[in-house]
Structures are given as structure tokens and as C-alpha cells.
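> No sequence on hand, only this structure:
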């Protein structure tokens, strides 16, 4: 159960309402995900989070599927249940099937292992060429 | 300084030598990265790690750049210096410029933040459609 | 469900009973929180944990609200559900309202992001003045 | 060594320059910390990060020392060297002496321990009163 | 609820079936643990994971109880609920009683604390003798 | 460089001196490791940390090598450089050779991977027998 009472979707707070409306329009969804209803208990923070997420999570040099795959890789590495659930659904909606999902997770699992081995042996960075 | 003495590239151990040769051929590089020279202190583990990495890090449903981006996202989230150094060089070699790198890291930073907020408010997962 | 059977509040083990009584008296509560009932399966460890927590979690240079805020920030960063639940309740009991809680979490979220970006770019520490 | 070439403080990029000038004015410092010079390789991301940090890291319900203490607690829990260095200097500059710093870290250490114990025993959350 | 539909134990996929049979024979169990049924959605990854786990989780220089204790220490530090549950059961099955489990967790808790304190003070490594 | 000035080994502070002397006698070493000299900037916290570590890190149900292996597994999973260095030296001093060390790290790497996969697929715990 969430630690704060989730703000109702039809709240009368104009600042929150504007963000909620923008979330629905931008993501083309009918219901406000719970995370935004929790963040709405502090309207200014809600705005800051949404504005930034909206600016970052749009196609740029990377397409949306790649961005959602990164979001999933981070969420899995941090073990965040809510976010794993939501970003798994997102990559599936963008067309990644179970085989593709398995590939993503194979890479995530592999480097969670390799990261620890590199740390464990305190391996010094290789001298690598650098792009400017 | 590494916690074990790195195995020399020209080691006479045949098991290690076979892996070292395969690493050079597969990655088309002239020098063995330090992590493999550390793992070589336990030849069986070296084989297990390399065989698996080789099986996963090849083009499949995902292309190599996407796989290296995932490796970087995981390494950054875990704060592994050696791996960040090596996977940053890998994505750059595969053509990602500083703007693309900035986009990757913007998404990584964003979800390291959002993961904690979802955990903090103990938000329950939304009911989402599932692909079978 | 906990991995061990929680020790009953009215246990006859004198060592455990002494700690349980001190917890109730110190925290002015009527029920023993579940974590202490789990730790009581190893009475010596229970004593070590409680003695140390009691020595640290009292007003000193920092007041209790600040200490509970730190406890919450750590618990959120580690994603510990039990602890997030318990320290959120603690800061609320000490008077922090939803706006204050939102501020705490905004800072926690911000630095979970910034930590990863500093690691990602492998930024070297700035030269800063040091207090002796 | 950073993975990208740090942008020079006197860069001619107007977008970056505007942020750099605002950082100096807001923080009342003469030099741009390295993290901002790294982020400047992606000017839009630099703006997003700085705008948000500036909005959060100012006195509100919490004073600046408390906010910097939270930043330090998060950075220590994540093991981010750059950030630990910078936020330790920040709390010292705001007047926290070694005894106060020791208290902060005692609480951080304590809950990194307790978080793991609560997870280890899979303790179920206590039923606690909730503030609305 | 798992993010993918778990593969049935009696699946007709020959590659998956071979791994499932080997898991039952090796671990001397009647039912396939859920993690393997999830991994089976990507048969090649299932094989890679099982082959490697089987090669590592057998008596060598270390006995099985020590290996399961390490698995538990890692799982607790990462806060992985599924794995904590499964490795706690494994060490108990291998004979560790609640007092022994308490000792393991005392060490795990202690070093989660000490790790953060060493990071917090940015203590430089001591000069220690090294075994070659 | 450490964030505080390390307390000199021959400090005149009696509280610190008593702990330093006990560390030398208990560990049979001639020099105080840097972590204790950093903690000594807050004598009460130094005492709390040392007293507890001394009570936990002695032979009990588990022998010292197993306890140091757990300490290493935790330190690697957290990526703490100072602690990895110190606990690697400790297990080597207690007789673990490079092959044994490789086995420890193989298990640590394996479960850092498996933990993330179990989280990623949000696998529900298996129903397992429980020891009381």
C-alpha cells in the first residue's frame, strides 16, 4: 500500500490537473499511473518530474524502444518492482516479443555479473582510444 | 592495483591461451583487456565467462549498439569504473557521438531517480495488459 | 512471510525479554516491531543491534527528525520496503507533512540521478577546501 | 579521467554559457564544478539537470544543511566518490563539524545494516498509522 | 505476478525439456522452480544460465554450504526477495540452524555498514601484503 | 584522499587510544588500518563500530575464513574498493589461494546475475519447506 494517499484523478487542484491532462494526452492513456498520483501530493515536484521526463522520453538520436529498453535495464539493476512492471509493458507494447525481452535481460544479467567481477579483482581500466 | 597478479598475454597455459586467442579473434583486438587477464587466474571460470559473453554479445533481435548501450546503462547504475570506461569506448566505437551518449545517460539518470521515487512512495503496480 | 518464525512478544527467554522491554520503554510503543522479533532468533545479535541503534538514534548534534530523514533517505536508496514503511511513519509522527516528505524525496531522487551521472562521466573530484 | 572532454568554462556556446553563469551566480563560486562541464557536452541535458537541481536545492520546508545531509546520505549509500567529496565539503561549509559528520555517517551506516537485515528476514511491514 | 507467462513443466519444447529434466535430476527435486520456468521463455538463455550455474554450484575448493551462504549474502545485499527466500531454504536444508543463519546475517549486516563508512570517509586502501 | 584528517596512531585521546590498542592486540597487527583512523574523528562512533565488529568477527558456528568470505562477497556486491582490498588480503592470509578466490567470485558473479533475472521476471517465490 502506498505511503501517502494517492491524489484522485479528478482532483480540483489546477496545477496537478494540468499535469494529469498532459500525461493522458502525451502518453495517449485513459488512466493516470499510480506513480504520478503519489507525486501529486507535492504539486511542484510533480511538475518538475513530469516536465523532465517528457523532455527526455521522446525520440531523438535514440528511438523510443531503445529508451524504454534502457529504462528497463536500469529498473532491473535497481530491483524496482513498480518500474520493472511498467517498462516491461512498455517494451512489449512497442513490439518487443519474449525472445527480444530475453535478449535484453541476458545482457542485463551478464553485466551485473561482469561489473562485480571487475570490481572484485580491482582491474585497472584499459587504455582505450577516446572520441572528442 | 588489481588484487591478483594478471596472467601474462603469452602464458603457456593451453586452456587460458585458447580463450585469449579467441578473444583477440572475436573482438578483433591486439591486446587482452585486463579483466580477462585477472579472470585467467581461475582458467575454468575464465572459460565459463568468455563462452557465455560470446554467446550473448552478438547481433540477434537486438543489434550490437543496443546491446552495448544496455551494458553501459547497467555499469553506470552499478557504478563500475572499469566497465563504464570500457562500454563508453565501445558505444563510441560503434558510432554514438557525445549527443547520443548524453541521451543514453539522460535516460539512465532519469530512471535512477524515478525508481527511487516509486520505491519511496511504495506505489502499487498499475494493472497493465500483458503479452503472452 | 518472514524466513524465520518470529519470536513471540511474551517469550520466556530472559535475554530477549530484556531487549523487548527496553524497546517498548525507549520507543514508547506497545508492540514489538517485526524486525526485532525476527532478530530475536539470535539473541546475541538482537542485543548488539538494539544497543547500537539506541546509542545512535537519540538527539545529539542532530535532532531526531533529521536522523529519521537520513534513515528514510538510505532506505529509499536501498529500496527496503519494510524500512521505507517504518521510517516514513516515523518522520510523519515527528511532524513532517506531505509537502515536507515530498521535499525529502525530491532531494533523494535528484541525487540518485546525479550520482549516476557523475559516475557515468567518471568526473574527477573538484579541488575543494577541507575542514580539519 | 572523464570519459568525455570537459567543456571549457569560457565556451562560446550561448546555451551552455548561460547555465555556467547561472551556476556561478547561484552557488557564489568562481569555478564550474567538473560535473557541469561534463554534462555540457549535451547542452539540453545540462539545462534540464541544472534547472531541476536549482528548483530543489533551495530552502523550503527543509533548510539547506538538511538537504545537503540528505544528498550526502544518498551519495554514500550509492558509493559515488565525486558526490561524496562534493557534499561532504558542502555540509562542512554549512557548519557541520567532524562530530556532526560522524553522527550523520553513524545513521547512514546503521540503516545500511538494518535495511539488509529487514530484507534478509523478509519481515512484513508493521501496521502503522498513516497521515493523510 | 511474473512479467511473462511461465513455461509449463511438461512443455513439448525439446530444448527446454532437456534442461528441466537435468534440473530435476541434478537438484533431486520434483518441481521446476519458477525462475527456470520464466527463463524458459528464451530457451537459449535458459541453457546458458543453467549450464553455468551447474558448473559453478558444485563442491570444489569450497563446500556446498559455503557456496549457498555466499549466494545468500549476495541476494540479501541486492535485496532480491525471490533469491533470499530460495537460498535461505537452501542453507537450512544443508543444516544451518537459526543461530548459524543469524551469524551469517550479522556478518552481512556488519559489512553493509562498514562498506558505506569506508566509502563515506573515502579511506585509501591500506598497504597490504599480496599473495601471488 | 580521505574526507577527514586521519587521527594519528599515537593520539593522546584516551578513548581512541584504548580502541587502537585493542585493535592491534586483537588483530595482531602493528599498524591501525585507515578506516579506524577515520572513524576516530568521532570517538563514540569508533567505539560502537569496533565493539560490534569484535563481537561478530570471531569464530562461532562459522569459522573465520567463512566469515571473511561473506565480508568479501558483500563488499564486492557493494563495489567498495577499500573493503574489497582488505577482505581479499584477509581470505588470502587465512589460506585461500587464487583458485579458491576464483570460486568465491564465480559464485558472487553468478548470483549478482541471477538476482537481477529473478527481479526482472518478477518471479514469485516458490513454496518451500521452512525450518523452525
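Structure's in. What do you need? Owing to the predicted nature of the structure, the values given are computational and were not obtained by experimental measurement.
> so which strand or helix has whatever residue of chain A ends up closest to chain E?
Of the residues in chain A, the one nearest chain E is residue A:102, at a distance of 2.5 Å by Cβ to the nearest Cβ. No exception for glycine: its C-beta is placed from N, CA and C like everyone else's. Secondary structure here is read from DSSP states H and E; on that basis residue A:102 sits in helix A:98-120.
> now that helix against helix F:98-120, angle please.
Put simply, helix A:98-120 runs at 140 degrees to helix F:98-120, going by axes from the mean of the first three to the mean of the last three Cα atoms, to 10 degrees.
> Just the buried residues of helix A:98-120, please?
Under the neighbour-count criterion of 16 or more other Cβ atoms under 10 Å in any protein chain shown, helix A:98-120 has A:98, A:100-120 buried.
> now check it, is it near chain D?
No. Counting by Cβ under 8 Å from any Cβ of the partner chain, chain D is not contacted by helix A:98-120; separation bottoms out at 10.2 Å.
> Any part of stretch A:39-57 near chain B?
Yes. For stretch A:39-57 and chain B, the contact criterion (Cβ under 8 Å from any Cβ) is met by A:39, A:49, A:52, A:53, A:56, A:57.
> Let me see the mean pLDDT of that stretch.
Along stretch A:39-57, the predicted confidence averages to a pLDDT of 97.
> which outside residues touch it?
A:4-7, A:11, A:13, A:15-16, A:19-20, A:22-23, A:26, A:36, A:64, A:67, A:71, B:103, B:106-107, B:110, B:113-114, B:117, B:121, C:98-99, C:101-103, C:105-106, C:109, D:44-45, D:48, D:52, D:55-56 (Cβ atoms under 8 Å, 6 or more residues apart in numbering or on different chains).
> rerun at 6 Å
Around stretch A:39-57, the neighbours that count as contacts under Cβ atoms under 6 Å, 6 or more residues apart in numbering or on different chains are A:4, A:7, A:15-16, A:19, A:67, B:106, B:110, C:98-99, C:102, C:106, D:48, D:52, D:55.
> Which of the helices or strands spans the residue nearest the centre of chain A?
The residue lying closest to the centre of chain A (Cα atoms, centre = their mean) is residue A:71, at 4.2 Å. Element membership of residue A:71 [criterion: DSSP H and E] is helix A:64-78.
> That helix: which residues count as buried?
Within helix A:64-78, the residues scored as buried using 16+ other Cβ under 10 Å are A:65-78.
> before we move on, what about stretch A:34-51?
By neighbour count, with 16+ other Cβ under 10 Å as the criterion, the buried positions of stretch A:34-51 are A:34-43, A:45-50.
> Skip the chain neighbours and tell me the closest residue to residue A:17.
Excluding the flanking residues, the one nearest residue A:17 by Cβ to Cβ, 6 or more residues apart in numbering or on different chains is residue A:11, at 6.0 Å.
> Around the one you found, how many other residues sit close by?
Per other Cβ atoms under 10 Å in any protein chain shown, the neighbour tally for residue A:11 reads 15.
> Mind telling me what element it is part of?
If you go by DSSP H and E, residue A:11 is not part of any helix or strand.
> what about chain A, any weak spots by pLDDT?
Low-confidence segments of chain A, defined by pLDDT under 70, span residues A:128-132.
> Spell out whether stretch A:74-83 and chain D are in contact.
No. Under the criterion of Cβ under 6 Å from any Cβ of the partner chain, chain D is not reached by stretch A:74-83; the shortest gap measures 10.1 Å.
> so how far is that stretch off the chain centroid?
Centroid displacement of stretch A:74-83 relative to its chain, using Cα atoms, centre = their mean, to the nearest Å, is 9 Å.
> next one: stretch A:102-111
Here the centre of mass of C-alpha atoms in stretch A:102-111, compared against the chain's by Cα atoms, centre = their mean, lies 17 Å away.
> Please say whether there is contact between it and chain F.
Yes. Using Cβ under 6 Å from any Cβ as the criterion, contacts between stretch A:102-111 and chain F involve A:105, A:108, A:109.
> of those residues, closest to chain C?
residue A:108 (15.7 Å).
> OK, contacts around residue A:110?
Counting by Cβ under 6 Å, 6+ apart, residue A:110 touches residue B:56.
> Which residues of chain A lie near chain E?
A:79, A:88, A:98, A:99, A:102, A:106.
> filter those down to the ones close to chain C.
Intersecting the residues of chain A next to chain E with the surroundings of chain C, defined as Cβ under 6 Å from any Cβ, gives residue A:79.
> Between the residues of chain A next to chain E, which sits nearest residue E:94?
residue A:79 (26.1 Å; Cβ to Cβ).
> which residue sits closest to that closest one, ignoring its sequence neighbours?
residue F:119 (4.6 Å).
> which ones are touching that neighbour?
Contacts here follow Cβ under 6 Å, 6+ apart; on that basis residue F:119 touches A:76, A:79, E:80.
> Could you report the separation of the residue in chain A positioned nearest to chain C from residue A:4?
Nearest residue of chain A to chain C: residue A:42, at 2.5 Å (Cβ to the nearest Cβ). Computed as Cβ to Cβ, to the nearest Å, the residue A:42 to residue A:4 distance reads 9 Å.
> Residue A:105 now?
Residue A:105 sits at a distance of 32 Å from residue A:4 (criterion: Cβ to Cβ).
> Next, count neighbours for residue A:122.
Residue A:122 has 20 neighbours, counted by other Cβ under 10 Å.
> element containing it?
With DSSP H and E as the criterion, the answer for residue A:122 is that it lies in no helix or strand.
> Which positions in chain A make contact with chain F?
Neighbours of chain F within chain A, by Cβ under 6 Å from any Cβ: A:76, A:79, A:105, A:108, A:109, A:112, A:113, A:116, A:117, A:119, A:120.
> Run through the residues that contact the last one.
For residue A:120, the set of contacting residues under the criterion of Cβ under 6 Å, 6+ apart consists of F:76, F:105.
> And the contacts of stretch A:61-72?
Residues external to stretch A:61-72 that are found in contact with it (Cβ under 6 Å, 6+ apart): A:57, A:87, A:90-91, A:94, A:104, B:66, B:73, B:99-100, B:103, B:107, B:111.
> swap in stretch A:76-91?
A:68-69, A:71-72, A:75, A:108, B:74, B:77, B:115, B:118-119, B:123, B:125, B:128, C:79, E:3, E:79, F:116, F:119-120.
> try it again with 7 Å
Here stretch A:76-91 makes contact (Cβ atoms under 7 Å, 6 or more residues apart in numbering or on different chains) with A:33, A:35, A:65, A:68-69, A:71-72, A:75, A:101, A:108, A:112, B:74, B:77-78, B:111-112, B:114-115, B:118-119, B:123, B:125-126, B:128-129, C:79, E:3, E:78-80, F:116, F:119-120, F:122.
> Thanks again, I'm all set now.
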